[in-house]
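K.L.:
Provided below are the primary sequence and the corresponding predicted coordinates.
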Amino acid sequence: MRVQNTYFTHDEYATYFDKCDKLPVMYDIFATSQSFHKRVRDCKVVDSGIESDHDAVMISITITTIKYKVKAVTGAQSHGGDYSKTHRTNKCSTDLARKTT
């Protein structure tokens, strides 16, 4: 696990100020797995959170799409002999069928 708040350079890291001695403390964190860490672009304390005695922490991540591999359908027999009729019911499949023809 990695605490993302500490991986990026910022002016402020405190998310809470102790009521007794007014010392800054980091109670609120984002912890991620090491494999997810490569997707994190920034993590910092922000003023735009909801009203609370704790400051909000914002994390910025990159989400990549999953590459979809089109597989050709072999044998119209598996679809009752009418390939186009079977695929008209599924818009995604119809679009994919058009791209392959």
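P.N.:
Looks like it came in fine.
K.L.:
going forward, measure contacts between C-alpha atoms and count neighbours the same way
P.N.:
Noted.
K.L.:
can you pull out the helices in this protein?
P.N.:
Remark: helices assigned in the chain by DSSP state H are 34-37, 83-88, 91-100.
K.L.:
worst average pLDDT in those?
P.N.:
Of all these, the minimum mean pLDDT falls on helix 83-88 (a mean of 44).
K.L.:
Quick check, pLDDT for the residue at minimal distance from the centre of the chain.
P.N.:
The residue lying closest to the centre of the chain (CA atoms, centre = their mean) is residue 63, at 4.8 Å. On pLDDT, residue 63 comes in at 88.
K.L.:
Name the nearest residue to it, ignoring sequence neighbours.
P.N.:
residue 39 (7.1 Å; CA to CA, 6 or more residues apart in numbering).
K.L.:
can you check residue 24 too?
P.N.:
Spatially, and ignoring its direct neighbours in sequence, residue 24 is nearest to residue 17 (4.5 Å; CA to CA, 6+ apart).
K.L.:
pretty sure the one you found is in contact with residue 25, am I right?
P.N.:
Yes - if you go by CA atoms under 8 Å, residue 17 and residue 25 touch, sitting 5.9 Å apart.
K.L.:
In terms of neighbours, single out the busier of those two.
P.N.:
residue 17 (16 against 13; other CA atoms under 10 Å).
K.L.:
measure that one to residue 26 for me?
P.N.:
Distance, residue 17 to residue 26, by CA to CA, to the nearest Å: 9 Å.
K.L.:
Now do the strands in this structure.
P.N.:
With DSSP state E, the ranges of strands along the chain come out as 2-3, 16-17, 24-25, 31-32, 40-46, 56-61.
K.L.:
pLDDT on the fifth one, on average?
P.N.:
Yep, that's strand 40-46 we're talking about. Mean predicted lDDT for strand 40-46 stands at 95.
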